[in-house]
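Visitor: what would the 3D arrangement of this be:
(chains A, B, C and D)
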There are 2 protein chains.
Amino acid sequence: MFEPLGYAPAYLRVSEEIRGRILRRELTEGEALPTETELARQFEVNRSTVREALRKLESAGLLSRRRGGKRLYVTRPTREAVGGGLSQALALHRARVVDVWEALQAVQPGIAAAAAVRRDEAALQRLEAVAQRFAGRQGDRAQAVADVAGFFDALGEASGNPVFVLLNEPLLRLLKPSLAVIIDRVPQARARIEAAQAKVVAAVRARDAAAASDWMARHVRDFRRGYEVAGIALSTGVGESPDAAVS
Amino acid sequence: MFEPLGYAPAYLRVSEEIRGRILRRELTEGEALPTETELARQFEVNRSTVREALRKLESAGLLSRRRGGKRLYVTRPTREAVGGGLSQALALHRARVVDVWEALQAVQPGIAAAAAVRRDEAALQRLEAVAQRFAGRQGDRAQAVADVAGFFDALGEASGNPVFVLLNEPLLRLLKPSLAVIIDRVPQARARIEAAQAKVVAAVRARDAAAASDWMARHVRDFRRGYEVAGIALSTGVGESPDAAVS
DNA sequence: GGCATGGTATTGTCCGACAATCCGACAGGC
DNA sequence: GCCTGTCGGATTGTCGGACAATACCATGCC
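Guide: Numbers count the residues shown, from 1 in each chain, chains lettered A, B, ... in the order given. Sure, this is the predicted structure:
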């Protein structure tokens, strides 16, 4: 019949208060937070309590330190911070590589289409640069993986939609380990990826949304073939190492 | 030329250590964490330091308290925790309602298709229950909004793909405010939504992935019409209140 | 077996302290 | 003018100890 009385420890109320200020943009990006002692004075709590509140905001990515710096500054969460949290959550929810692949399949064609429509010249050039770099190098597995992910990332940027950029990050992060195995084990993988990227780039340059979407769909579908050829079990958890399936 | 020397404060090393244990499943979900004093003893740091580390993990959703409880338990991040972080990040990245809409347009058809293929009987019934509840009530704007979001959510569950479930949450959260305005201002909105949901449900029941995807695409496209009719500027930031466009 | 009860353990919060070091200012040399 | 060395103050990271509130558990009672 009755709800439990709301009670929140002080460190939580402090962090919520500051969080609210940031979200309402009363504290703006790049601004330095008052010192811990000053915050403690204003909130009338102990510095230890303030510090606990700050740790919460810090790990939410709302506060961060300049390189080697001491003070905390208001920041918006980087894509890495957001992606880290989400991919960690997905790992704990026992998402499998096939789940990530399915999500990529659902979302990437839409990103490619949006990018084709809205890309500007600079974004197009960045996209081409990444594709060329991938096409150029033949060795270095790690760099190849980074470039493939970078291609998706550049496409997200080109779409001009921050939602796509932030959603992309965790998916790419989870894709990478299995992608590395594919590139190692499937001889024709590099050539196929290179060809697909070229098609997508051409469509984006031509502002042909339908073609971009279509080629991207094929590109992603190809990854699934890659899993099979490389012998990666589709049910591998994204937290595990994607070794070969036991035969 | 030189990388900065790596240094991490103790509270960070402690939290990373515990985080690692959780991700490697050496600490499993539901397990109670040792007490703060015990952790301080084992890590050989002060309890204050341990507490700062715990606050970080707490806000990452990796640790949480039972209702009214004192001890911390290992948990996997709830979709609310994940969604909260992501939608907060999107607001700070100045995502607009049109960006969220575009992302929904990209991802929902894929979810519907997956749900059509893999739904089981229980998931189908939950989906139908949500749709019926929305169709039933005529008043109560807030409930209607919750039901529309619940429909997408149930579809994500039916897809059996945790990636879809977790990606859905922040998008729905950001959709809600503007959806409320649409439902208030567009007389035919409820009827159109109800009709679209019925079509999707039918397709999911028939395991017809193509139809589910297609109807869902129309359903989402309809929201854009809703924005226009309701006079919501597409460039409204997701952090702002979606009032009418000034005419 | 279920329920009240009391002691104990644990968390939330405070205080005070101190070392390390970042920051800004300032002076000096090329 | 610009770089370097120096210095004092401010700020953070960490520590130890303390205490009230209360969640937890075992015990005893019916």
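
Visitor: for chain A, what lies in contact range of DNA strand D?
Guide: Contact residues, chain A versus DNA strand D (C-beta under 7 Å from any atom of the strand): A:33, A:35, A:36, A:37, A:47, A:48, A:51, A:70, A:71, A:72. C-beta here means a position set from N, CA and C on the backbone, and glycine is covered the same way.

Visitor: just the ones of those residues in strands?
Guide: Using DSSP state E, the subset of the residues of chain A next to DNA strand D located in strands is residue A:72.

Visitor: are any of the residues of chain A next to DNA strand D buried, and which?
Guide: Taking 16 or more other C-beta atoms under 10 Å in any protein chain shown as the criterion, what is buried in the residues of chain A next to DNA strand D is A:33, A:36, A:51, A:72.

Visitor: closest to residue A:14 among the residues of chain A next to DNA strand D?
Guide: Proximity of the residues of chain A next to DNA strand D to residue A:14 (C-beta to C-beta) peaks at residue A:51, which lies at 9.8 Å.

Visitor: coming back round to it: could the buried ones among the residues of chain A next to DNA strand D be laid out in TSV, adding pLDDT and distance to residue A:100?
Guide: Below are these laid out as TSV (pLDDT from 0 to 100; distance: C-beta to C-beta, whole Å):
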residue	pLDDT	distance to residue A:100
A:33	95	36
A:36	96	40
A:51	97	37
A:72	95	34
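
Visitor: and the nearest residue to residue A:172 once chain neighbours are set aside, how far from DNA strand D?
Guide: Distances taken as C-beta to C-beta, 6 or more residues apart in numbering or on different chains put residue A:149 closest to residue A:172, at 4.3 Å, once the chain neighbours are dropped. As for residue A:149, its distance to DNA strand D is 31 Å (criterion: C-beta to the nearest atom of the strand, to the nearest Å).

Visitor: surely residue A:149 is within a helix?
Guide: Yes - counting by DSSP: H, G, I helix; E, B strand; the rest coil, residue A:149 falls inside a helix.

Visitor: pretty sure it is in contact with residue A:178, am I right?
Guide: No - checked against C-beta atoms under 8 Å, the pair residue A:149 and residue A:178 is beyond contact range at 11.9 Å.

Visitor: between those two, who's got more neighbours?
Guide: residue A:178 (26 against 19; other C-beta atoms under 10 Å in any protein chain shown).

Visitor: please list all residues in contact with the more buried one.
Guide: Each residue near residue A:178 by C-beta atoms under 8 Å, 6 or more residues apart in numbering or on different chains is listed here: A:97, A:227, A:232, A:236, A:242.

Visitor: wait, a helix at it?
Guide: Yes - assessed with three-state DSSP, residue A:178 lies in a helix.

Visitor: now it. Nearest residue, chain neighbours left out?
Guide: residue A:242 (4.1 Å).

Visitor: now do the contacts for that neighbour.
Guide: The neighbours of residue A:242, taking C-beta under 8 Å, 6+ apart as the test, are A:97, A:177, A:178, A:181, A:232, A:236.

Visitor: which one of these is nearest to chain B?
Guide: Of all these, chain B sits closest to residue A:97, with 10.5 Å by C-beta to the nearest C-beta.

Visitor: state the distance from the closest one to DNA strand D.
Guide: For residue A:97, the distance to DNA strand D equals 37 Å [C-beta to the nearest atom of the strand].

Visitor: quickly find the element holding the residue sitting nearest the centre point of chain A.
Guide: In chain A, the C-alpha closest to the average C-alpha coordinate belongs to residue A:169, at a distance of 1.2 Å (C-alpha atoms, centre = their mean). In this structure, residue A:169 is located in helix A:162-185 according to DSSP states H and E.

Visitor: got the angle between that helix and helix B:162-185?
Guide: Angle, helix A:162-185 to helix B:162-185, by axes from the mean of the first three to the mean of the last three C-alpha atoms, to 10 degrees: 160 degrees.

Visitor: output the lowest mean pLDDT helix or strand found in chain A.
Guide: Least confident element among the helices and strands of chain A, by mean pLDDT, DSSP states H and E: helix A:121-136 (a mean of 92).

Visitor: show me the strands in chain A, by range?
Guide: Counting by DSSP E, chain A has strands at residues A:63-65, A:72-74.

Visitor: can you put those in TSV and add distance to DNA strand C?
Guide: Shown next, in TSV, are the strands of chain A (distance: least, C-beta to the nearest atom of the strand, whole Å):
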stretch	distance to DNA strand C
strand A:63-65	9
strand A:72-74	10
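
Visitor: among those strands, which is nearest residue A:164?
Guide: strand A:63-65 (23.4 Å).

Visitor: what sits against the nearest residue in space to residue A:147 that is not next to it in sequence?
Guide: Once flanking residues are discounted, residue A:147 sits nearest to residue A:134: 3.8 Å by C-beta to C-beta, 6+ apart. By C-beta under 8 Å, 6+ apart, the residues touching residue A:134 are A:144, A:147, A:148, A:150, A:151, A:190, A:193, A:194, A:197.

Visitor: and the gap between residue A:134 and chain B?
Guide: Using C-beta to the nearest C-beta, to the nearest Å, residue A:134 is found at 24 Å from chain B.

Visitor: and if you look at residue A:115?
Guide: For residue A:115, the distance to chain B - C-beta to the nearest C-beta - is 11 Å.

Visitor: on that earlier part again, near DNA strand C, from the contacts of residue A:242?
Guide: Restricting the contacts of residue A:242 to those within reach of DNA strand C (C-beta under 7 Å from any atom of the strand) leaves nothing.

Visitor: most neighbours out of the contacts of residue A:134, which is it?
Guide: Taking other C-beta under 10 Å as the neighbour criterion, residue A:148 ranks highest of these with 27 neighbours.

Visitor: CA atoms only: put stretch A:54-66 into PDB for me.
Guide: These are the backbone C-alpha positions of stretch A:54-66, laid out as PDB (Å, rounded to 0.1, in the frame of the first residue of the first chain):
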ATOM      1  CA  LEU A  54      32.700  12.900  -8.100                       C
ATOM      2  CA  ARG A  55      33.800   9.300  -8.700                       C
ATOM      3  CA  LYS A  56      30.300   8.500  -9.900                       C
ATOM      4  CA  LEU A  57      30.200  11.400 -12.300                       C
ATOM      5  CA  GLU A  58      33.700  10.600 -13.400                       C
ATOM      6  CA  SER A  59      32.800   7.100 -14.400                       C
ATOM      7  CA  ALA A  60      29.700   8.300 -16.200                       C
ATOM      8  CA  GLY A  61      32.100  10.300 -18.400                       C
ATOM      9  CA  LEU A  62      30.500  13.600 -17.300                       C
ATOM     10  CA  LEU A  63      33.700  14.800 -15.600                       C
ATOM     11  CA  SER A  64      37.200  14.100 -16.600                       C
ATOM     12  CA  ARG A  65      40.800  15.300 -16.100                       C
ATOM     13  CA  ARG A  66      43.000  17.000 -18.600                       C
END
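
Visitor: can you tell if that stretch touches chain B?
Guide: Yes - using C-beta under 8 Å from any C-beta of the partner chain, a contact is recorded between stretch A:54-66 and chain B, made by A:55, A:56, A:57, A:58, A:59, A:60, A:61, A:62.
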